[in-house]
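Asker: Following is a predicted model, sequence given first.
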Amino acid sequence: MDWGDLRIFLAIAREGTLGAAARKIGQTQPTMGRRLRALEQALGQTLFQRTADGFVLTDEGTAVLRHAERIEEEALALQRHASGAETQLDGLLRLSSSDWFGTVMLAPVIAAFGRRHPRVTVELLTDARLYSLPRREADLVFRIKPFSEPEIISRKLLHIPYALYGKKGSKPPRAGDGRGVRVVTMNVEFADMPDAAWLKRALPNAEVASRSNNRQAQAELCASGGGLAVLPRPLGDRDRRLVALDIGTSPPGRDTFVGYHRDLKRLARLRALLDVVIERLAGTHP
């Protein structure tokens, strides 16, 4: 097996098309296609599904990707050592989190990491989909529930308090009632989330003005006078249009956990990013 073929495989996996991968590493498309076929023949496996939109990794290709990235990291480390640039990390990292957490909590961390390691590209995925660590859809995942998969290395990162917010100038409603109060809450499918359940108990007679599974949308609705909302304090406290309301009882906070696949525990760029995440976030909201 030729390491050069693995480089081509990684480029196609990351770029999605032969053309983009060829431009990335400076080779022609026919050469890329020929080298990919040689690698597939050497391994006896089909690594990509060819679609109209580009190249999509097969299950076998996803398995090879994990090993190829480890080989790449070791090869790059050797190159850095030989050139005296051991501290220069490069490559790609994919992070997955909720929308508000990615924007408010992770974006400053990623910026700080980028200043330390400018050759590492970080992709931040914040849609509602749960990205899979075992399938390598993401390298580092942030969730509000503990990881249960045995192949995942994880830890509790921090505890985030929540509060009831209203538009600036709002008065606290009376707990246990809520008549005449409009609220913004989670979608019906998320009605059993602790903060949504608390809001229903605390203001049982409140009128639901709107629902959203997007915390930033809830904050904007609240700030625009659309109703009271329960929000994570790091999100609500940063908006000067909002005020936290004390009604004598507080919504429950949520723990945030971070996890990555055990195959990546020696990936230098992942370890470096995790160090910055822990340095900046762990214990910041007791």
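Answerer: Yep, it's here. It should be emphasised that the depicted structure is a prediction, and the values quoted were computed from it without experimental measurement.

Asker: Do a quick rundown of the helices in this structure.
Answerer: Listed in chain order, the helices found in the chain under DSSP state H are 3-15, 18-25, 29-43, 59-83, 99-100, 107-116, 194-202, 215-223, 233-236, 268-281.

Asker: In JSON lines: the ones you listed, plus mean neighbour count.
Answerer: Placement of C-beta: from N, CA and C, glycine included. Conversion of these to JSON lines gives the following (neighbours: other C-beta atoms under 10 Å):
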{"stretch": "helix 3-15", "mean neighbour count": "20"}
{"stretch": "helix 18-25", "mean neighbour count": "17"}
{"stretch": "helix 29-43", "mean neighbour count": "15"}
{"stretch": "helix 59-83", "mean neighbour count": "15"}
{"stretch": "helix 99-100", "mean neighbour count": "18"}
{"stretch": "helix 107-116", "mean neighbour count": "15"}
{"stretch": "helix 194-202", "mean neighbour count": "18"}
{"stretch": "helix 215-223", "mean neighbour count": "21"}
{"stretch": "helix 233-236", "mean neighbour count": "20"}
{"stretch": "helix 268-281", "mean neighbour count": "18"}
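
Asker: Could you identify which of the ones you listed has the lowest mean pLDDT?
Answerer: Set side by side, the helices of the chain differ in mean pLDDT, and helix 59-83 is lowest with a mean of 77.

Asker: what's it in contact with?
Answerer: Identification of contacts with helix 59-83 by C-beta atoms under 8 Å, 6 or more residues apart in numbering yields 3, 6-7, 9-10, 13, 43, 45-48, 57, 86-88, 90-91, 135-136, 261, 263-264, 266-269.

Asker: CA-only coordinates of stretch 236-245, as PDB, when you get a sec.
Answerer: In PDB, the C-alpha atoms belonging to stretch 236-245 read as follows (Å, rounded to 0.1, in the frame of the first residue of the first chain):
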ATOM      1  CA  GLY A 236     -29.700  35.100  28.200                       C
ATOM      2  CA  ASP A 237     -27.200  37.100  30.200                       C
ATOM      3  CA  ARG A 238     -25.300  38.300  27.200                       C
ATOM      4  CA  ASP A 239     -28.400  40.000  25.600                       C
ATOM      5  CA  ARG A 240     -29.000  43.400  27.100                       C
ATOM      6  CA  ARG A 241     -32.600  43.400  25.900                       C
ATOM      7  CA  LEU A 242     -33.400  40.600  28.300                       C
ATOM      8  CA  VAL A 243     -33.700  40.500  32.100                       C
ATOM      9  CA  ALA A 244     -33.700  37.500  34.400                       C
ATOM     10  CA  LEU A 245     -36.800  37.200  36.500                       C
END
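
Asker: List the contacts of Asp177.
Answerer: Counting by C-beta under 8 Å, 6+ apart, Asp177 touches 203-205.

Asker: looking at those residues, which has the most residues close by?
Answerer: Sorting the contacts of Asp177 by how many neighbours each has (other C-beta atoms under 10 Å) puts Leu203 first, at 23 neighbours.

Asker: Where do the strands of the stretch 51-200 of the chain begin and end?
Answerer: 54-57, 91-96, 120-125, 140-143, 152-160, 162-167, 182-185 (DSSP state E, counting those that start in this stretch).

Asker: Make a markdown table out of these and add distance to Pro252, mean neighbour count and mean pLDDT.
Answerer: As requested, the strands of the stretch 51-200 of the chain are arranged in a markdown table below (distance: least, C-beta to C-beta, whole Å; neighbours: other C-beta atoms under 10 Å; pLDDT from 0 to 100):
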| stretch | distance to Pro252 | mean neighbour count | mean pLDDT |
| --- | --- | --- | --- |
| strand 54-57 | 40 | 18 | 91 |
| strand 91-96 | 24 | 20 | 92 |
| strand 120-125 | 27 | 16 | 94 |
| strand 140-143 | 17 | 21 | 94 |
| strand 152-160 | 10 | 16 | 93 |
| strand 162-167 | 7 | 23 | 97 |
| strand 182-185 | 15 | 23 | 97 |
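
Asker: got TSV for those strands, with distance to Arg35 too?
Answerer: TSV is the format used below for those (distance: least, C-beta to C-beta, whole Å):
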stretch	distance to Arg35
strand 54-57	13
strand 91-96	20
strand 120-125	23
strand 140-143	30
strand 152-160	33
strand 162-167	53
strand 182-185	54
